[in-house]
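Asks: Sequence below, structure please.
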Amino acid sequence: MDNNTLPFLKMQGAGNDFVLFDNRTLKIDDDELSKIAPVLCDRKFGVGSDGLIALCYDSSKKADLVMVYKNPDGSDAGMCGNGARCFAAYAVTLGSPTEFSFRVHDKIYKASVDENNVIISFPLETKVAEEKVGSEAVLNVYTNTEHVVCPVQQDQLEDEKQLITDGRYLRYHNYYQPVGTNVNFIAGINSDELCLQTYERGVENLTLACGTGAIASALAWHHLQQIGDGSFSYNVKVRGGMLKVHFDFDDTTGSYKNIKLEGPATFVFEGQYYL
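Replies: Below you'll find the predicted structure:
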């Protein structure tokens, strides 16, 4: 790093914002990334974001690139869907083809970039499980990271103070320890459209959008309506805009597959951070 500076890009996907940088030559290791994430993500003393993303080569040669994602508290996330879309658009500006593969932990994702619209294909087959946690009835949907979904009335989505309280209760509940969970509050608009607010683990607050939460919420909304077999596309309205979730459902196995997340990825600014 020249003069101890880190060149970075700021991006956002439906209001979910990220600090990204090319780590292929810098080679900042995982421990160091965990240390600098809280500094860079701090909205008063750093750049400010919902997460830090490092773009790396895949030394295992299983995928074209690796996305390393750190929460603002420095912890690892399972997968970040909105971050992945920003990562994909960023990779294309660095010379990547518009369709490529990337690895997050041990899973391989596929990206398709068309200007500022990005589709991420998830290596995921999942189910919706109905659970009772304390007095709360929730739907548990694993989307390569932990999520629960809570159906609420439309007007309850406006009471953000209450959503934070309820989100924190479930996120830290003993039932989901030791890793905790992300918590999604949804209200259906029609058969294939819903509104969503997500309390994100690691951010410890509501965010303007959550990609893996949008997937979990779309599958949960399909499950609640008992629509059955088929291929579906759901619009998920988040505070920061609109995300689209595509999936297939097999009634005989009760499983969801061919899951894709589609939405915007927008460049905001670039700069140098003085470490």
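
Asks: Next up, the contacts around Leu275.
Replies: Counting by CB atoms under 8 Å, 6 or more residues apart in numbering, Leu275 touches 1, 4-6, 36. In this view, the C-beta of every residue, glycine as well, is placed from N, C-alpha and C.

Asks: Listing request: residues of the stretch 1-150 of the chain with sub-threshold pLDDT.
Replies: Residue ranges of the stretch 1-150 of the chain with pLDDT under 70: 1-3.

Asks: which of the contacts of Leu275 are buried?
Replies: For these, a burial check counting by 16 or more other CB atoms under 10 Å picks out 6, 36.

Asks: Counting only helices, which of the contacts of Leu275 make the cut?
Replies: If you go by DSSP state H, the contacts of Leu275 have Ile36 in helices.

Asks: from the contacts of Leu275, which single one is nearest Leu243?
Replies: Comparing the contacts of Leu275 against Leu243 with CB to CB places Ile36 closest, at 28.6 Å.

Asks: Touching, that closest one and Asp29? I think so.
Replies: No. Using CB atoms under 8 Å, Ile36 makes no contact with Asp29, being 10.8 Å away.

Asks: and the top helix by length along the chain, how far out from the chain's middle?
Replies: Identified as the longest helix of the chain according to DSSP H is helix 211-225. Chain-centre distance of helix 211-225: 13 Å, with CA atoms, centre = their mean, to the nearest Å.

Asks: avg pLDDT for it?
Replies: The pLDDT scores in helix 211-225 average 98.

Asks: ok, then the element right after that helix?
Replies: Downstream of helix 211-225, the first helix or strand assigned by DSSP states H and E is strand 230-238.

Asks: Just give the strands next to that following strand in its sheet, each with its orientation.
Replies: Applying DSSP bridges, strand 230-238 is found paired with strand 193-200 (parallel), strand 241-250 (antiparallel).

Asks: List the buried residues for the longest helix of the chain?
Replies: Neighbour-count burial for helix 211-225, counted by 16+ other CB under 10 Å, picks out 211-224.

Asks: what angle do that helix and strand 193-200 make?
Replies: Orientation of helix 211-225 against strand 193-200 (axes from the mean of the first three to the mean of the last three CA atoms, to 10 degrees) gives an angle of 130 degrees.

Asks: Show me what Asn117 is bridged to.
Replies: For Asn117, the beta-bridge partners under DSSP bridges are Asp114, Pro264.

Asks: let me fix that: Ile108
Replies: Counting by DSSP bridges, the residues bridging with Ile108 are Arg103.

Asks: Could you check how far it is from Ala84?
Replies: 12 Å (CB to CB, to the nearest Å).

Asks: secondary structure element for the nearest residue to Glu99 once chain neighbours are set aside?
Replies: Excluding the flanking residues, the one nearest Glu99 by CB to CB, 6 or more residues apart in numbering is Ser112, at 5.1 Å. Taking DSSP H and E as the criterion, Ser112 maps to strand 107-114.

Asks: okay, that strand in CSV with CA atoms only?
Replies: Extracted in CSV, the C-alpha atoms of strand 107-114 (Å, rounded to 0.1, in the frame of the first residue of the first chain):
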residue,chain,number,x,y,z
LYS,A,107,-19.7,-22.0,-2.3
ILE,A,108,-19.5,-21.0,-5.9
TYR,A,109,-21.9,-18.3,-7.3
LYS,A,110,-22.5,-17.1,-10.8
ALA,A,111,-22.8,-13.5,-11.8
SER,A,112,-24.4,-11.9,-14.8
VAL,A,113,-23.8,-8.1,-15.2
ASP,A,114,-25.8,-5.9,-17.6
